[in-house]
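Undergrad: model this:
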Amino acid sequence: MRLTSLLAISLSSSTLHQWDTTTSEFLNEAERVILKGKKNLQKWYHDGKEFLKQNGLLYELVSHPSFSEYQLRVTEPELCDPSVKQYSGYLDISEDKHLFFWFFESRNAPADAPLVLWLNGGPGCSSSTGLLFELGPCSIANDGKNTTYNSNSWNNNANMIFLDQPVNVGYSYADDGTTVSTSPVAGEDVYAFLEIFLNRFPEYSKQPFHIAAESYGGTYAPNFASVIYRENKKLAFAPTPKLKHINLSSVILANGLTDPYIQMASVPDYACDGPYPVYDDPQGPQCQALRSKVPTCQRLIKSCYQFDNRLTCVPAFLYCNTQLFGPLMQLGLNPYDVRRKCDRSKDGDLCYRQMGWIETWMNDPKNKAELGVNPEQTFASCNMDVNKAFAMQGDGMRNSARLLPELVNDGVRLLVYAGNADMMCNFIGNERWVEQLETKFHPEFSKTKGVPWITTQTGKLAGEVRSAGGGGFTAGNVTFVNIYESGHMAPYDQPEASLDLFERWISNVPLSLKSTEDYY
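TA: Residues are numbered from 1 along each chain as shown. Below you'll find the predicted structure:
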């Protein structure tokens, strides 16, 4: 039921208040009638639900007895893909932090479809970049003037939540300007969001839940999944009314940063010996110089792993990034897709003009009002202040991979994929850390070799897959996929193949035959 069904409410009020005409012009007629005469921050009940007027906008207000410092403000947009049910709005935390979310129901059989939480990384980049640029129901177009239908959207067969976190990312904001700067702290907020959301919309709580995250999401997702797993265990021992067991089925890491000790050491190997080498001579002075930095980088990261504090992790971050990535950033290439050059004066800081288009569309006051966003709020695809805050805690040098074995050994499946043209979180380093992950599937995975991954619809050779667990009858318990001809954002570069990978994974059907001989 859309919020506009509130027209049935009696609109009588003893005191009339000035109507916010600036916001009003972007609302539909029904919402204008409902809100006329109501004070800002006024709450009222209708049909067993609580509603709120804030910043001239209409929200359903959702609370939870176990999370007294949290509440959801929910509205029902019809943007991007009006054919599916949508919810958007904010998770309010202690009245000063506000995380924006946007939910899309599955295009097909939503009652049976799994629930997927998508997170972008950065840190400091909005999940709306993934939504509008990679895998959401619509794609940004025409310099940000409009969007187009995405037939390869991941919500074809999944209920999808896009969450802007931590605060001050995308539409998310903090009233006092403070921000979260570590992944474990951010994980507590994400867990609260999921519990409140699923308590309000229990129809999405019955199916498997997957957490999928890109780039710095390789650090976020293991932390968030660990919190969910821990809270599920507590709930099993002490069931609590209205707290739901979240059916954590898998963790999907997309071109992520997860085990820096291994991944940083792979940077020279990728730059010099990878499928798209950036230097002419793999034994030349540039490559030798890069390789000479690895021992010190790894020594610093090892200290970060051992002591796990800001004083050890920040030096590792500063040294490894300046010494290993610094020279590569001077080459004029797009580090997220080394097949392409990057002119930042034209392409933007992230080398994709579409990021600017997304900002244009998301800053349209009409779109903001539809999404439940204060039209005075400014959207940025990435917030460099948040990025710096995480960097100055050394958060990105911590070993998030260490959080995964307990989950994997208890049945939570792990998919790691990486595009082979991405230099920032390259596929070589990602494959290596997965190969060294100490789970009960480690012996099997270490013996596997990459076999062809052929897409279901078109029969295209899309990459290579290594998998352990499932005996060849499932997508595996620990699976790595190298996506050919793809950069950091695989669903943008290879939309059909990425959707094939995602849907086979959430359906838990094999991504390949057992061996290459089976193909010939």
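Undergrad: spatially central residue for the chain, please.
TA: For the chain, the residue whose C-alpha lies nearest the mean C-alpha position (CA atoms, centre = their mean) is residue 119; its distance is 1.1 Å.
Undergrad: for the residue nearest to it when sequence neighbours are not counted, list the residues it contacts.
TA: Spatial nearest neighbour of residue 119, excluding adjacent residues (CB to CB, 6 or more residues apart in numbering): residue 213 at 4.1 Å. Where C-beta positions appear, they are placed from N, C-alpha and C, glycine not excepted. Contact analysis of residue 213 by CB atoms under 8 Å, 6 or more residues apart in numbering lists 118, 119, 120, 121, 220, 221, 224, 252, 253, 254, 256.
Undergrad: how near is the third one to residue 381?
TA: Distance of residue 120 to residue 381, given as CB to CB, to the nearest Å: 9 Å.
Undergrad: need the residues touching each of those two.
TA: Shared contacts of residue 120 and residue 381 (CB under 8 Å, 6+ apart): 126, 129.
Undergrad: and those two? which has more neighbours close in?
TA: When residue 120 and residue 381 are compared for neighbours, residue 120 comes out ahead with 31 against 26, by other CB atoms under 10 Å.
Undergrad: number of nearby residues for the closest residue to residue 172 other than its chain neighbours?
TA: Taking CB to CB, 6+ apart, and ignoring the residues beside it in sequence, residue 172 has residue 164 as its nearest neighbour in space, at 4.3 Å. Residue 164 has 27 neighbouring residues, counting by other CB under 10 Å.
Undergrad: does the residue nearest to the centre of the chain touch residue 211 like I think?
TA: Yes: look at residue 119 against residue 211 with CB atoms under 8 Å: they come within range, at 7.4 Å.
Undergrad: longest helix in this protein, please.
TA: Identified as the longest helix of the chain according to DSSP state H is helix 285-307.
Undergrad: and residue 491, what element?
TA: Applying DSSP states H and E as the criterion places residue 491 in helix 490-493.
Undergrad: quick one: contacts of that helix?
TA: Contacts for helix 490-493 (CB under 8 Å, 6+ apart): 130, 133-135, 152, 154, 254-255, 337, 417-419, 421, 483, 485-487, 497-499.
Undergrad: what's the model's confidence in the next helix or strand after that helix, averaged?
TA: Sequence-wise, the next helix or strand downstream of helix 490-493 (DSSP H and E) is helix 495-507. For helix 495-507, the mean per-residue pLDDT is 98.
Undergrad: now swap in stretch 241-255 and tell me
TA: Per-residue pLDDT values over stretch 241-255 give a mean of 96.
Undergrad: that stretch: how far from the chain's middle?
TA: Per CA atoms, centre = their mean, to the nearest Å, the displacement of stretch 241-255 from the mean C-alpha position of its chain is 14 Å.
Undergrad: can you show me the helices along the stretch 1-150 of the chain?
TA: Secondary structure of the stretch 1-150 of the chain by DSSP state H, counting those that start in this stretch: the helices cover 21-24, 29-35, 127-130.
Undergrad: contact partners of the last one?
TA: The reference is to helix 127-130. Applying CB under 8 Å, 6+ apart, the contact partners of helix 127-130 are 102, 118-120, 136, 162-165, 170-171, 214, 355, 358, 362, 379, 381-382, 489, 491.
Undergrad: so which of the residues you listed sit within strands?
TA: Of the positions in those, 102, 118, 119, 162, 163, 214 sit in strands, assigned by DSSP state E.
Undergrad: using a markdown table, please lay out these together with pLDDT and distance to residue 229.
TA: Converted to a markdown table, the ones in strands among the contacts of helix 127-130 look like this (pLDDT from 0 to 100; distance: CB to CB, whole Å):
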| residue | pLDDT | distance to residue 229 |
| --- | --- | --- |
| 102 | 98 | 25 |
| 118 | 97 | 19 |
| 119 | 95 | 17 |
| 162 | 97 | 22 |
| 163 | 95 | 18 |
| 214 | 96 | 21 |
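Undergrad: closest one of those residues to residue 70?
TA: residue 163 (13.7 Å; CB to CB).
Undergrad: tally up the residues packed near that closest one, please.
TA: Neighbour count for residue 163, taken as other CB under 10 Å: 26.
Undergrad: next one: it from residue 173, what distance?
TA: Distance, residue 163 to residue 173, by CB to CB: 14 Å.
Undergrad: okay, now residue 333: neighbour count?
TA: When neighbours are defined as other CB under 10 Å, residue 333 has 18 of them.
Undergrad: any idea of the pLDDT on it?
TA: At residue 333, the model reports a pLDDT of 97.
Undergrad: surely it and residue 344 touch.
TA: No: applying CB under 8 Å, one finds residue 333 not in contact with residue 344, separated by 11.4 Å.
Undergrad: follow-up on the earlier one: which residues does the residue nearest to the centre of the chain contact?
TA: Taking CB under 8 Å, 6+ apart as the definition of contact, the neighbours of residue 119 are 127, 130, 163, 165, 211, 212, 213, 214, 217, 220, 221, 224.
Undergrad: what's the farthest-apart pair in those?
TA: 130 and 224 (15.5 Å).
Undergrad: hmm, back to that, top of the contacts of residue 213 by number of neighbours, please.
TA: Most surrounded of those: other CB under 10 Å gives residue 254, at 35 neighbours.
Undergrad: please name the nearest non-neighbouring residue to it.
TA: Closest to residue 254 by CB to CB, 6+ apart is residue 214, at 4.0 Å.
Undergrad: picking that back up, okay if I get the helices of the stretch 1-150 of the chain as JSON lines plus distance to residue 279, mean pLDDT and mean neighbour count?
TA: Conversion of the helices of the stretch 1-150 of the chain to JSON lines gives the following (distance: least, CB to CB, whole Å; pLDDT from 0 to 100; neighbours: other CB atoms under 10 Å):
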{"stretch": "helix 21-24", "distance to residue 279": "55", "mean pLDDT": "66", "mean neighbour count": "14"}
{"stretch": "helix 29-35", "distance to residue 279": "58", "mean pLDDT": "86", "mean neighbour count": "18"}
{"stretch": "helix 127-130", "distance to residue 279": "30", "mean pLDDT": "92", "mean neighbour count": "28"}
